[in-house]
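*Asks:* Give me a model of this one.
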Amino acid sequence: MSWPLRSSLFAVLLLAACGGDDDGNNPPIDAPAGPDAAPLAASEVSCTGVTSPVITTSGFAFSPAITSVTVDTVVKFTMPAEHNAISNDGLFTADFNGDTCVRFEAPGTYRFRCGPHSFVGTVSVAP
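*Replies:* As a prediction, this is how the structure comes out:
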């Protein structure tokens, strides 16, 4: 097969593959899927009187690994000297060797990690 014929055949196949059978009922692929989810919101608060839920570490894992709460729940992070908990979204940091309490103010999935060791945990917040 000659080069010009091969190039022409390739172009025809490429255009055919790019064509669509859009019946007009489907939105464009890059159209938004729906309303944007509310942004995550959490703030560090006083730990006075907070007894549960508590997230700590057991070896190289958070315990519990997943904590499920409702909006406006305060979670206490009790970290030993060798571990901390850093929000993946920059919303909070529970420092080494201490307690940090965080009020989760919006529904969503809040992921965090241990800075030096990279093990992960999640707070799942329901409305």
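
*Asks:* quick one: the strands in the protein?
*Replies:* In the chain, the segments counted as strands under DSSP state E are 42-45, 54-57, 62-63, 66-70, 73-79, 85-87, 93-94, 98-104, 108-113, 120-126.

*Asks:* tell me what the third one is packed against?
*Replies:* So that's strand 62-63. Other elements packing on strand 62-63 under the criterion 3 or more Cβ pairs under 8 Å, 6 or more residues apart in numbering; DSSP states H and E are strand 54-57. C-beta here means a position set from N, CA and C on the backbone, and glycine is covered the same way.

*Asks:* Next, the buried residues of the strand it packs on.
*Replies:* For strand 54-57, burial by neighbour count (16 or more other Cβ atoms under 10 Å) applies to 55-57.

*Asks:* How about stretch 118-127?
*Replies:* Neighbour count says stretch 118-127 has 119, 121-123, 125 buried, by 16+ other Cβ under 10 Å.

*Asks:* Next, the residues that contact it from outside, please.
*Replies:* 55, 60-62, 64-71, 73, 75, 85, 102, 104, 106-114 (Cβ atoms under 8 Å, 6 or more residues apart in numbering).

*Asks:* mind checking how far A81 is from F92?
*Replies:* A81 sits 19 Å away from F92, going by Cβ to Cβ, to the nearest Å.

*Asks:* I should have written G59 there, sorry.
*Replies:* 23 Å.

*Asks:* Same check on S58?
*Replies:* Where F92 is concerned, S58 sits at a distance of 21 Å (Cβ to Cβ).

*Asks:* which of those two has more neighbours?
*Replies:* Legend: neighbour count by other Cβ atoms under 10 Å for S58 and F92, higher for F92 (22 against 10).

*Asks:* pLDDT value on E82, please?
*Replies:* At E82, the pLDDT value in this model is 97.

*Asks:* how near is it to C47?
*Replies:* From E82 to C47 the distance is 20 Å (Cβ to Cβ).

*Asks:* Between those two, tell me which one has more neighbours.
*Replies:* C47 (16 against 12).

*Asks:* Could I get the contacting residues of the more buried one?
*Replies:* 76, 99-101.

*Asks:* Tabulate the strands of the chain (CSV), appending mean pLDDT.
*Replies:* What follows is these, written out as CSV (pLDDT from 0 to 100):
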stretch, mean pLDDT
strand 42-45, 97
strand 54-57, 98
strand 62-63, 98
strand 66-70, 98
strand 73-79, 98
strand 85-87, 98
strand 93-94, 98
strand 98-104, 98
strand 108-113, 98
strand 120-126, 98
